[in-house]
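A.B. asks: I need the structure of the sequence given here:
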Amino acid sequence: MLVRVDARGRARSERITLSGFPQSYVPPPAVPVFVRGRIDVVESYGFRGVVGTIEWYPHKRTWTGLFLTAGLGDFPLGPVLAVHNRAGRIYAAWTESLSGTGEAPVALAERGRDATADYVLDRALTTGLALSGAEPEIAANEWVEPADLGLEGDSRDWAGTVLRGETTVELDGWIAGLATAPRGVRDVLLGGPAGLRWFRSARVLGTRVSIEAAVEEDGSVHLTGGVTGVKTGKVTLYRERPGAARQAIGQASLADGAFSFVDTPPVRPVVYRAVYTDPATGIPYAALLRDAVS
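C.D. replies: So this is what the prediction gives:
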């Protein structure tokens, strides 16, 4: 059901689907999107091993559905998000559950004259979608869970990720929202141990942090990595296990954008995270190691 409110505050409703269509194991998430003066609705669903996403548009006093994608899967996880550009091209992003593979990939659909869709992240929960010119930017939250370390439990260490084309940028925490503004400004809502914080950047989020770990013969762990586009500064390093408070183990100085640090963890397995805080914006760019150090 779509409810419209005019300039005088008068509301009217329109039925978009009938007879419980589409059937879904979870309430099908849907979102309105304005396209060339009209309202379309993008809806995703999953039922009996099939997942699909439909763009509904008004046509001859009723609503017609155009499939953006359909395939094998379980059901959508979380919201479906949609935006459009001035040419009327629609982009939609959402997360799908694929229990057969144990993954939860992020799907990105694009509809111009034709509709195409692809998975752009293997395991993440989608929380934001914005347009930068003609290119969409997706905010999603990847994670490391206890099973990745051979442990039990259901806690997760989150790694907020912004995907733009082939480029991914990681932030320290959970991305709750992403928006673009004129002249390339980005607004980010980021959750974490310090609570919910708002950050603004005057340009695209392009700072990338990397981290690698190598176990030495004496049992110590040699951490190396870098920060793109940054010559000097400090990187804070954390030792983490899902379900436990993370520990700051020290700071490493950047030398021509690279860092090196040695740690001897008292308990294993663990993962590590490197965080570089932009001095101009306060944005904490990060890299969470996905492979456990045993």
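
A.B. asks: Kindly state the domain boundaries assigned to the protein.
C.D. replies: Taking automatic domain parsing as the reference, the chain has its domains at 2-201, 209-288.

A.B. asks: starting at the chain centroid, how far to the last one?
C.D. replies: Distance, stretch centre to chain centre, for domain 209-288: 22 Å (C-alpha atoms, centre = their mean, to the nearest Å).

A.B. asks: so what's A115 up against?
C.D. replies: Residues counted as contacts of A115 (C-beta atoms under 8 Å, 6 or more residues apart in numbering) are E55, L66, F67, L68, T69, A109. C-beta: built from backbone N, CA, C; applies to glycine.

A.B. asks: before we move on, which element is the first one in?
C.D. replies: Secondary-structure assignment from DSSP states H and E places E55 in strand 50-59.

A.B. asks: How about the fourth one?
C.D. replies: Here L68, judged by DSSP H and E, is contained in strand 62-72.

A.B. asks: ditto for the last one
C.D. replies: Here A109, judged by DSSP H and E, is contained in strand 106-111.

A.B. asks: Pairing partners for that strand, with directions?
C.D. replies: strand 90-97 (antiparallel), strand 115-121 (antiparallel) (DSSP bridges).

A.B. asks: Can you say which of the contacts of A115 are buried?
C.D. replies: E55, L68, T69, A109 (16 or more other C-beta atoms under 10 Å).

A.B. asks: Now the first one: closest residue in space that isn't a chain neighbour?
C.D. replies: If I follow you right, that is E55. Distances taken as C-beta to C-beta, 6 or more residues apart in numbering place L66 nearest to E55, at 4.8 Å, with adjacent residues excluded.

A.B. asks: Could you pull up the contacting residues of G78?
C.D. replies: Here G78 is in contact with P29, W94, T95, L125, T126, T127 (C-beta under 8 Å, 6+ apart).

A.B. asks: for those residues, which one is nearest D118?
C.D. replies: Of all the contacts of G78, W94 has the smallest distance to D118: 12.7 Å, by C-beta to C-beta.

A.B. asks: Wait, V188 touches G177, no?
C.D. replies: Yes: the criterion here is C-beta atoms under 8 Å, and V188 meets it with G177 at 7.1 Å.

A.B. asks: Overlap in contacts, those two.
C.D. replies: A139.

A.B. asks: Between the two, which has more neighbouring residues?
C.D. replies: Between V188 and G177, counted using other C-beta atoms under 10 Å, the more crowded position is V188 (23 against 15).

A.B. asks: contacting residues for that one?
C.D. replies: By C-beta under 8 Å, 6+ apart, the neighbours of V188 are A139, V162, L171, I175, G177, L178, W198, F199, R200, S201, L205, I283.

A.B. asks: how about a cut-off of 6 Å?
C.D. replies: Contact analysis of V188 by C-beta atoms under 6 Å, 6 or more residues apart in numbering lists L178, F199.

A.B. asks: Could you number the chain from 37 rather than 1 from now on?
C.D. replies: Okay, residue one is now 37; in that scheme the one you just asked about reads as V224.
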